[in-house]
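Engineer: model the following, please.
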Amino acid sequence: MITVDPKLLNLRPGQRVLDLGCGEGRHAIHFSITDQVEIFGVDLSAQDLATAAERAQPFADSGQQAGSLQFCVGNALELPFPADHFDVVICSEVLEHIEDYQGVLGEILRVLKPCGVFAATVPAFFPEWVCWKLSDAYHQVEGGHIRIFREKGLRKAIESLGFKYFARHKAHALHAPFWWLKCLFWGQDDKPILRQYHRFLVWDMMERPMLTRGLEAVLNPVLGKSVALYFVKPSAEPDVPVAQDSSVVSAQVAPAKQVALPEESTV
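Structural biologist: Now for the predicted structure:
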């Protein structure tokens, strides 16, 4: 399941793509299979990256990878890449976890080539707000969400760096009720309704029947669990300071521990 719309990335053979905060590799693995590009997956969690590499290996072994794929541990505030290095940067469901998300945006601007595409996705305001109302534990766990973004506020923060906005959409409406139920019954994953709904979501992701695909397309504008925003880095960067985003609901948590950068592992 991916959140970013591939058609809006305009990927071309030979391009470099950064999946920042790639987690267990859902976007990085997907694009390594579908496009002849160089994918770099970066995350702070070595454990998640080990899972991503394990998941990607069968595709590499069977020759299904169209492009190349590398994973490395790295801090989004100090990326181990030179300026103007990537043609596309994906940052999906990451910014809501990071205290200094504006610093991350600045690093994305630095490593993205002029005229490169930046895709950012975060939890949409209303579904996320319901989750926070139903469960404190949902957003107070270590490494959890520390803010709720309003779409306009995030777009303004990104545009203040000079990025040019060009598209947006919402995604995963069928997942919103699952997370509401999970928050309502937090810590009770053995509840039959949770098990059945999870089974339904797995079936939907694997089979992708027309009925549920059509239903989600209708519901996404209202109930989409995630909102995706797309930008282009201009060919000449204006000297504009990062605007302070006052349109977020925030909670304080300890910053994530930084992990030293090891050598890259290649899949």
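Engineer: and the helices in the chain, which stretches?
Structural biologist: 26-34, 46-61, 101-111, 125-134, 137-140, 151-159, 175-184, 192-207, 210-223 (DSSP state H).
Engineer: any idea of the angle the last one forms with helix 175-184?
Structural biologist: This points to helix 210-223. 70 degrees (axes from the mean of the first three to the mean of the last three C-alpha atoms, to 10 degrees).
Engineer: tell me the mean pLDDT for helix 210-223?
Structural biologist: For helix 210-223, the mean pLDDT works out to 96.
Engineer: ok, the fourth one next?
Structural biologist: The predicted model gives helix 125-134 an average pLDDT of 97.
Engineer: counting contacts, what elements does it pack onto?
Structural biologist: helix 137-140, strand 147-149, helix 175-184 (3 or more C-beta pairs under 8 Å, 6 or more residues apart in numbering; DSSP states H and E). Bear in mind the C-beta positions are built from the backbone N, C-alpha and C, glycine included.
Engineer: low pLDDT regions in the stretch 151-267 of the chain?
Structural biologist: 236-267 (pLDDT under 70).
Engineer: contacting residues around residue 205?
Structural biologist: Residues in contact with residue 205 (C-beta atoms under 8 Å, 6 or more residues apart in numbering) are residue 1.
Engineer: coming back round to it: can I get the helices of the chain in CSV including distance to residue 80?
Structural biologist: CSV is the format used below for the helices of the chain (distance: least, C-beta to C-beta, whole Å):
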stretch, distance to residue 80
helix 26-34, 16
helix 46-61, 14
helix 101-111, 10
helix 125-134, 31
helix 137-140, 30
helix 151-159, 23
helix 175-184, 33
helix 192-207, 33
helix 210-223, 36
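Engineer: which of those helices is buried the deepest?
Structural biologist: Of all those, helix 26-34 has the most neighbours on average by mean count of other C-beta atoms under 10 Å, namely a mean of 22.
Engineer: right, and the helices and strands packed on helix 125-134 - which one's nearest residue 18?
Structural biologist: The closest of these to residue 18 is strand 147-149. By C-beta to C-beta, the value is 20.9 Å.
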